[in-house]
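>>> how would this look folded up:
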Amino acid sequence: MGYYARAVQVLQQQLMELVIESLGLNPNYLHDEVENGSQVMTVNCYPKCPEPELALGMPSHSDYGSITILIQSCPGLQIMDQNKNWISVPDIEGALLVQMGDQMEVLSNGQYIQKCGSQGDC
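Just a heads-up that it's a prediction; the model follows:
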């Protein structure tokens, strides 16, 4: 798990540099802050539930951080589109899903807005 956590941290730093550069800033503008910032690793399971009316699942939410990097091992994750419809995210083996979070909206002064949320299908 340590190797994976470090690899995701490096990826997050690279993505942040690209986002910062897309805002017209030097890619290293927030290097020290990103390098010394916090990293949270959470494990959620989104398997199909045989009786969803009896389970709580993962409630709908927005991601509070700057960037969320997800790897799915089974189907169940859903995102909300601009029309407020829940859409299942395909489970693609080995793929990473990258989402901008609430902090990115603030950091980018509204240029990157998290317009949708996510939830687990129980």
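
>>> for this structure, what spans make up the strands?
Assigned strands in the chain, in chain order: 67-71, 77-80, 86-88, 96-100, 118-120 (criterion: DSSP state E).

>>> Would you format the ones you listed as a markdown table with mean neighbour count and mean pLDDT included?
Where C-beta positions appear, they are placed from N, C-alpha and C, glycine not excepted. Conversion of these to a markdown table gives the following (neighbours: other Cβ atoms under 10 Å; pLDDT from 0 to 100):
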| stretch | mean neighbour count | mean pLDDT |
| --- | --- | --- |
| strand 67-71 | 16 | 87 |
| strand 77-80 | 18 | 82 |
| strand 86-88 | 13 | 87 |
| strand 96-100 | 15 | 88 |
| strand 118-120 | 19 | 64 |
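
>>> which stretches of this structure have low pLDDT?
Applying pLDDT under 70 to the chain picks out residues 1, 44-49, 52, 56-58, 114-122.

>>> the longest helix in it is where?
In the chain, with assignment by DSSP state H, the single longest helix is helix 2-22.

>>> now for that one, which elements pack on it?
When contacts are defined as 3 or more Cβ pairs under 8 Å, 6 or more residues apart in numbering; DSSP states H and E, helix 2-22 sits against helix 31-35, strand 67-71, strand 96-100.

>>> try 6 Å
Applying 3 or more Cβ pairs under 6 Å, 6 or more residues apart in numbering; DSSP states H and E, one finds that helix 2-22 contacts strand 67-71.

>>> Can you give the distance of the strand it packs on from its chain's centre?
Using Cα atoms, centre = their mean, to the nearest Å, the distance from the centre of strand 67-71 to the centre of the chain it belongs to is 4 Å.

>>> I figured Gln78 was touching Ser88, is that so?
Yes. The pair Gln78 and Ser88 qualifies as a contact (Cβ atoms under 6 Å) at a distance of 5.4 Å.

>>> ok, back up a step: what are the contacting residues of the longest helix of the chain?
By Cβ atoms under 6 Å, 6 or more residues apart in numbering, the list of residues contacting helix 2-22 from outside reads 27, 29-30, 34, 39, 41, 67, 69.
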